[in-house]
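Trainee: I would like to see how this sequence folds:
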Amino acid sequence: MLALATAGFMAGFWAWALLGPLGPTLREDLGLSSFEQSLVVAVPVFVGSLGRIPVGALTDRVGARRMFPLVTALTVLPVLYLGHLADSLAEFLVGGFFLGLGGTTFAVGVPFVNAWYPPERRGLALGIFGIGTGGTAVSAFTTVQLADAVDRSFPFTLVAVTLAGYAVTAHFLLRDQPERAIPGGSLLTRTTATLRMPTAWQLAFLYAVAFGGFVAFSVYLPTYLTTAYGLGRSDASLRTAGFVVLAVTARPAGGWLSDRLHPVPVLIGAYATVAALALLASLELPLVPIGTLAFLGMAAALGAGSGAVFALVARLVPADRVGSVTGVVGAAGGLGGFFPPLVMGAVYSIADDYTWGYLLLALTAAATCAFTATVVRHHAVRPGGHERGA
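Mentor: Here you go, the predicted structure:
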């Protein structure tokens, strides 16, 4: 079940990330400005993020057995539209809007995996499930190369076939945990109750920085590397894929460490590392080796931090509300990845320099580190052991 869920998550994220590697190509073909290019690659992130809130709540109620095939099958439609029909900025924005559906698979898988594992193993299990974010690496590795080797529509056709195949497979093989907790009440009532939980907002903020940073780099790094360092599009995409692979690999490591230590110290270390390396990246030192080491260090820290956040979700959130909380937290993570590419594009358009973008990242990571060390630590480790679900 863990392998099936991870495969579905990866397929959804592969689709979700299709436009990022093609950003420079679309800019040339459609005559886009830097901001318009950023908007095209950011719209799926925004929609996929907000969509996690209702999708997570629905998964709590009807189960991943129904939701995984449904979401992956519906994602086929915008993938085919973008690959074969869209040929203007407006059409790519419309297609990207519906492509965001692929990003909601995260909110389907977390409550599903959480229900299958005991509390002491959930951090690692959810970290392994998080390997599905490697769908963005698959996209970074293959999209530009396949488009150049065949044509621009081929990567979209391949992803559509993959999604359709997974939807059929999941329909026949996926099974919800028989004793999973099923909440009562309407979707609106449960979502409203979740939004009133202080824990949900704290976790959402942490994930907005950790996973949001990962998403922002995965969609904007190709543009940054081609603009700031003059790399070719294929080279920039491959380097971005390396960043994504390391972040994805670090995610189960963050969950594993959280099971053995506690998520809070893992998060503190992750955010402190991101703050320090973002300052280093702001100097735009030579890409080899200093710039590369800074980006890879941030990849490892963001991946480990993302894994640690959901280890904390497993400790603090009741089982029948994991999907709803995951929807809110996952939405925050995606939204955290929506705004930085727009900010970086706007900053570069105004100042012809990326320094302020990295300084803002460093300040944000440092503030999150302080918040984790104080407010979150106090809430997560209370006298009397009030860690629900632990």
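Trainee: So which bits of the helix or strand where residue 6 lies are buried?
Mentor: Assigned by DSSP states H and E, residue 6 belongs to helix 2-16. By neighbour count on 16 or more other CB atoms under 10 Å, the buried set for helix 2-16 is 4-16. C-beta coordinates here come from the backbone N, C-alpha and C atoms, glycine included.
Trainee: Tell me the one among the residues you listed nearest to residue 140.
Mentor: For those, the residue nearest residue 140 by CB to CB is residue 14; the value is 10.0 Å.
Trainee: On the pLDDT front, check that closest one for me.
Mentor: At residue 14, the model reports a pLDDT of 93.
Trainee: One more: residue 383?
Mentor: For residue 383, the pLDDT comes out at 40.
Trainee: Residue 387 now?
Mentor: Taking residue 387 on its own, its pLDDT is 47.
Trainee: Could you do residue 163 as well?
Mentor: The model reports residue 163 with a pLDDT of 96.
Trainee: Which element, helix or strand, includes it?
Mentor: In the assignment (DSSP H and E), residue 163 maps to helix 154-173.
Trainee: re earlier: check which helices and strands the helix or strand just after the helix holding residue 6 is in contact with.
Mentor: Moving toward the C-terminus from helix 2-16, the next helix or strand (DSSP H and E) is helix 23-30. Contact here means 3 or more CB pairs under 8 Å, 6 or more residues apart in numbering; DSSP states H and E; on that basis helix 23-30 packs against helix 34-50, helix 89-99, helix 198-228, helix 233-260.
Trainee: what's next to helix 23-30, contact-wise?
Mentor: For helix 23-30, contacts defined as CB atoms under 8 Å, 6 or more residues apart in numbering pick out 19, 32, 34, 36-38, 40-41, 88-89, 92, 144, 147, 152, 219, 222-223, 226, 233, 236.
Trainee: got the contact list for residue 257?
Mentor: Neighbouring residues of residue 257 by CB under 8 Å, 6+ apart: 266, 304, 308.
Trainee: ditto for residue 112
Mentor: With contacts defined as CB under 8 Å, 6+ apart, the neighbours of residue 112 are 1, 5, 59, 63, 64, 68, 176, 177.
Trainee: re earlier: what would the contacts of residue 257 look like in a markdown table with pLDDT, secondary structure and neighbour count?
Mentor: A markdown table is the format used below for those (pLDDT from 0 to 100; DSSP: H, G, I helix; E, B strand; the rest coil; neighbours: other CB atoms under 10 Å):
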| residue | pLDDT | secondary structure | neighbour count |
| --- | --- | --- | --- |
| 266 | 95 | helix | 27 |
| 304 | 95 | helix | 28 |
| 308 | 93 | helix | 34 |
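Trainee: would CSV of those residues with distance to residue 188 be doable?
Mentor: Below are the contacts of residue 257 laid out as CSV (distance: CB to CB, whole Å):
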residue, distance to residue 188
266, 35
304, 35
308, 31
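Trainee: confidence score at residue 44?
Mentor: 88.
Trainee: Now the helix holding residue 163: buried residues?
Mentor: Within helix 154-173, the residues that count as buried by 16+ other CB under 10 Å are 154-160, 162-164, 166-167, 169-170.
Trainee: next structured bit after the strand or helix carrying residue 115?
Mentor: Using DSSP H and E, residue 115 maps to helix 105-116. Where DSSP H and E defines the elements, the next helix or strand beyond helix 105-116 is helix 122-129.
Trainee: Which strands or helices does that next one pack on?
Mentor: The contact analysis (3+ CB pairs under 8 Å, 6+ apart) places helix 122-129 against helix 2-16, helix 105-116, helix 233-260, helix 292-316.
Trainee: So what touches it?
Mentor: 2, 5-6, 9, 109-110, 113-114, 116-117, 251-256, 258-259, 263, 307-308, 310-311, 313-314.
Trainee: Right, I'll leave it there.
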